[in-house]
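Turn this into a model:
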Amino acid sequence: MKEYVSVTAKFDSDGNLLPTLLHWKDGRTFEISKITDIRYAATQKAGGAGIRYTCSILGQQRYIFLENNRWFVDSK
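Next up, the predicted model:
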């Protein structure tokens, strides 16, 4: 299932859009400490595709997707 979220992002000096904070609807905010991969990919769980960011959040690998100018994560 897609869980749409708010994301704070920045552009780096090369023009890449990089998410820095993930904001859940319940008010929790998580820092994205590292991005290890950026690629166009489909999500197997939620259906759909977009730019997939492989991120480190609280020491765990997570995927964040940017699809049609909206951010989402796979939720359980």
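
end to end, how far does stretch 41-48 reach?
9 Å (C-alpha to C-alpha, to the nearest Å).

switch to numbering from 4
Sure thing, new numbering starts at 4, so read that last one as stretch 44-51.

so how far is that stretch from its chain's centroid?
Relative to the chain's own centre, stretch 44-51 is displaced by 13 Å; criterion: C-alpha atoms, centre = their mean, to the nearest Å.

Can you list the buried residues in that stretch?
By neighbour count on 16 or more other C-beta atoms under 10 Å, the buried set for stretch 44-51 is 46, 49. C-beta coordinates here come from the backbone N, C-alpha and C atoms, glycine included.

Run through who's touching that stretch.
4-5, 52-55, 66, 68, 70, 75, 77-78 (C-beta atoms under 8 Å, 6 or more residues apart in numbering).

Now, of those, which are buried?
The buried subset of these - by 16+ other C-beta under 10 Å - is 5, 53, 55, 66, 68, 70, 75, 77.

Sweet, I'm off.
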